[in-house]
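here's my sequence, what's the structure:
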Amino acid sequence: MLISIITYGSTGDILPYISLGKALVDRGFDVRLIAHDQYRQAIEGCGMEYLRGFDDAKDLLATDEGKGLLKEKPIRSLIRLNDIISPYLMEIARNTLDAAKGSDAIVFSIMGGIVAHDIAEAMDVPAIGAYVMPLSPTSRMSNFMLPVNLPSILGIFNRLSFYLPMKTVALAFRKSVNRVRTKILGLPPFSMGQARVWDGGIPAEPTVYGISPSLFRRPSDWGDWTAITGYWFPLDDEGWSPEPSLKDFIESGERPIYIGFGSMGTDNPERTFDIVREALRLAGRRGIVAKGWDGMAGEATDDIYVSDFIPHGWLFGKVDGIVHHGGSGTTAQGFRAGVPQVITPFFADQYFWRRTVVEHGCGPLSKPHTALNPRGLASAIEKLPEYTDRAKEVSGAISTERGVENAVKFIERHLEKMIRIW
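From the prediction side, this is the model:
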């Protein structure tokens, strides 16, 4: 059986699916991963077929529109996402359809889901959503986009907090998606009531979440076709080794603080770096600063090491704490390493991960990136040691989970059911 995995986005949107794909290969499946060219070597090195679906997402976030997206409130940012993606959606859909031909089933990420639902429908093959943030509606908690969680007694309002924003996003994408459906896939357009992007409700699709059940307990009102398996941690990068200067820096003094904002760009990378440098000085700490895609620009000093890229799995166990944007992958690696975290969210699910870190006692509440300032960041860094013990406890719980193994079992079980129905 050939399974095509469709995923687009930043590193945190790709690496978990390489791990998942490799595990499927190890179980005897043929796997094709449709993503960006920069990940080709890693994908093919795991025994999967690679096919290009779209150019590097970095180019989109580097535009003025992309940077503007990061200034929006969480729900509004997803609506604005349509403005950025829609000019490219026909190309994305055409490339993805060509790449997926011959597949017996499709597994897709959140960004892949913009077109994957419809491609699976056009190909008449089963599809499974594989996400790294919670999207399925529940009465237990409010939508991950909201800055606070509503009490569980407000069940109907919690459910509405999922349905209404997701339907609003779906309607924003409706025109673009219908163009894909009618002009490329030969499908009828969606009506207003049918519009969907990620809710997976029309028709119902199995959904598996690469999230730790130690951090997010599976809501009792989710159906049998929804599961939380544990994280799908990235595979070790065997071709990477640290520069001698990095090892020397880490070993030359007290454990540093990591600061990096991943794929999140800023209007003024130099100013962001200045804020980080001053915050470290005020807190009296050394730091390792990751430049990211376009987030920071500055020179190294005796107390600050600057790098383009360091694998989080290698680094986080060697630092005293991490400051970051709240991407799902970075947050997961922080939990895994047992280090306290400060999250300064930019948009989307990053607010949910900040809330998760705070609620589990693994870091202080911090302001979003638009309010980043030296004194506030220094204060958060100074508080990090208070959260170390709890962070280690969470790490211990996560270490017993078998996320990828559980996800493969879920996919096998539900594909068997779906193909029987098909």
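
what about the longest helix in the protein?
For the chain, the helix that runs over the most residues, judged by DSSP state H, is helix 155-183.

list the helices and strands it packs on?
The helices and strands touching helix 155-183, judged by 3 or more C-beta pairs under 8 Å, 6 or more residues apart in numbering; DSSP states H and E, are helix 74-100, helix 113-123. Heads up, the C-betas are built off the backbone N, CA and C, glycines and all.

please identify the buried residues of whichever helix or strand comes after the shortest one?
Moving toward the C-terminus from helix 113-123, the first helix or strand encountered (DSSP states H and E) is strand 127-131. Neighbour counts using 16 or more other C-beta atoms under 10 Å place 127-131 of strand 127-131 among the buried residues.

contact partners for D13?
Residues in contact with D13 (C-beta atoms under 8 Å, 6 or more residues apart in numbering) are 7, 57, 109-111, 132, 329.

neighbour-wise, which of those residues leads?
Counting by other C-beta atoms under 10 Å, T7 has the largest number of neighbours within those, with 28 neighbours.

list the residues that contact that one.
13-14, 17, 33-35, 108-109, 111-112.

do you know the pLDDT at it?
T7 is assigned a pLDDT of 95 by the prediction.

identify the residues contacting stretch 384-398?
Around stretch 384-398, the neighbours that count as contacts under C-beta under 8 Å, 6+ apart are 212, 214-215, 230-231, 257, 320-321, 334-342, 360-364.

now the buried members of those residues.
By the neighbour-count criterion of 16+ other C-beta under 10 Å, those include these buried positions: 212, 214-215, 230-231, 257, 320-321, 334-342, 360, 362-364.

could you report the neighbour count for S395?
Based on other C-beta under 10 Å, the number of other residues close to S395 is 18.

this protein - how does it break down into domains?
With automatic domain parsing as the criterion, the domains of the chain are listed as 2-231+401-421, 244-398.

just flag the most distant two among the buried residues of strand 127-131.
Among these, the pair separated by the greatest distance (C-beta to C-beta) is A127 and Y131, at 12.7 Å.

one step back: same list (the domains of the chain) but as TSV, adding distance to E238.
Written out in TSV, the entries for those read as follows (distance: least, C-beta to C-beta, whole Å):
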stretch	distance to E238
domain 2-231+401-421	9
domain 244-398	11
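
so which of these comes closest to D237?
domain 244-398 (5.3 Å).

avg pLDDT for the closest one?
94.

pLDDT check: weakest of the contacts of T7?
In terms of pLDDT, the least confident member of the contacts of T7 is M111, at 86.

so it belongs to a helix, correct?
No. The secondary structure assignment for M111 gives coil rather than a helix, going by DSSP: H, G, I helix; E, B strand; the rest coil.

gap between it and D349?
Counting by C-beta to C-beta, to the nearest Å, the separation of M111 from D349 is 12 Å.

in contact with the residue nearest the centre of the chain, which residues?
Taking C-alpha atoms, centre = their mean, the centroid of the chain lies closest to S328, which sits 4.2 Å from it. With contact set as C-beta under 8 Å, 6+ apart, S328 has these partners: 12, 132-133, 349, 353.

tell me how far it lies from D124.
Going from S328 to D124 by C-beta to C-beta gives 32 Å.

need the contact partners of stretch 411-422.
Residues beyond stretch 411-422 that count as contacts (C-beta under 8 Å, 6+ apart) turn out to be 1, 3, 24, 27, 104-105, 107, 124-126, 128, 130, 206, 208, 225.

now the two most distant members of the residues you listed.
So, the contacts of stretch 411-422 by C-beta to C-beta: farthest apart are R27 and D124, at 24.2 Å.

what's the burial count for I106?
When counting by other C-beta under 10 Å, one arrives at 27 neighbours for I106.

you'd agree it is in a strand?
Yes. Secondary structure assignment places I106 in a strand (three-state DSSP).

so that it lines up with my notes, have the first residue be 37 from now on.
Yes, from this point I'll number from 37; that puts the last item at I142.

please tell me how far it sits from H348.
Distance, I142 to H348, by C-beta to C-beta: 29 Å.

repeat that for Y423.
Between Y423 and H348 the distance is 18 Å, computed by C-beta to C-beta.

same check on L271?
Distance check for L271 against H348: by C-beta to C-beta, it reads 13 Å.

when the two are compared, which one has more neighbours?
When L271 is set against H348 and neighbours are counted by other C-beta under 10 Å, the residue ahead is H348, at 26 against 17.
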